[in-house]
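J.: Task: produce atomic coordinates for the following.
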Amino acid sequence: MSLQILQWNACSLTSRRHELQQLLSTKQYDIVCVQETFLQPGKKCCLNGYDCIRQDRTDSQRGGIATLIKNCIKFTELRKPADMECQAVNIKTSAGSIRVINVYIPPGNDISRPSMNDLFLHRRNASISRGK
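T.: Numbering: from 1, shown residues only. This next block holds a predicted model:
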């Protein structure tokens, strides 16, 4: 099983939703890692055919990440460092498991080495996605 993965810095998923839908209609991505969603808790933003894991910011109108996974793909959400804007999922495939990690590091911010080690330690075949 091959996976098609898209990394996309949305700069507002709500205002660019149609652009993403158009992109998904032309190429069938299995997983979409989105940064800078600008979504707030309680704001619905689902795409047909995809499960959506969101991490909204409550302290800012900006930021936020989402990982969209096709409904037909089995996955589990993994533990992540509390001090990092990231999501990690384990995707089950016929060839084994693949970990996909969606990370956003805002400009001017750093992440600690212990957090990075915690996120990637003992994780093979990780795909890294980050915003600018």
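
J.: Are we agreed that residue 18 is in a strand?
T.: No - assigned with DSSP: H, G, I helix; E, B strand; the rest coil, residue 18 falls outside any strand and is helix.

J.: any low-confidence regions in the chain?
T.: When residues are selected by pLDDT under 70, those of the chain lie in 1, 121-132.

J.: Which parts of it are helices?
T.: With helices called from DSSP state H, the chain shows them at 17-26, 113-120.

J.: Any idea which of these gets closest to residue 5?
T.: The closest of these to residue 5 is helix 17-26. By C-beta to C-beta, the value is 12.6 Å. No exception for glycine: its C-beta is placed from N, CA and C like everyone else's.

J.: got the contact list for the closest one?
T.: 6, 8, 10, 13, 29, 32, 34, 45, 47 (C-beta atoms under 8 Å, 6 or more residues apart in numbering).

J.: Next step: those residues restricted to strands.
T.: Among the contacts of helix 17-26, the members falling in strands (DSSP state E) are 6, 8, 32, 34.

J.: Give me the neighbour count for the closest residue to the last one other than its chain neighbours.
T.: By that I understand residue 34. The spatial neighbour of residue 34 that comes closest, neighbours along the chain excluded (C-beta to C-beta, 6 or more residues apart in numbering), is residue 66 at 4.6 Å. Taking other C-beta atoms under 10 Å as the criterion, the count of residues near residue 66 is 24.

J.: Now do the same contact list for residue 66.
T.: Contact partners of residue 66, counting by C-beta under 8 Å, 6+ apart, are 13, 32, 34, 37, 39, 45, 52, 53, 54, 55, 87, 102.

J.: Now do the contacts for residue 50.
T.: For residue 50, counting by C-beta under 8 Å, 6+ apart, the contacting residues are 32, 68, 69, 70, 71.

J.: So which bits of stretch 98-117 are buried?
T.: Buried positions in stretch 98-117, judged by neighbour count with 16 or more other C-beta atoms under 10 Å: 98, 99, 100, 101, 102, 103, 104, 115.

J.: Oops, could you answer that again for stretch 77-95 instead?
T.: Going through stretch 77-95 with 16+ other C-beta under 10 Å, the ones that come out buried are 80, 81, 84, 85, 86, 87, 88, 89, 91.

J.: Let me have those residues in TSV, adding distance to residue 19 as columns.
T.: Supplementary listing: those in TSV, determined by distance: C-beta to C-beta, whole Å:
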residue	distance to residue 19
80	28
81	31
84	27
85	22
86	24
87	22
88	26
89	24
91	25
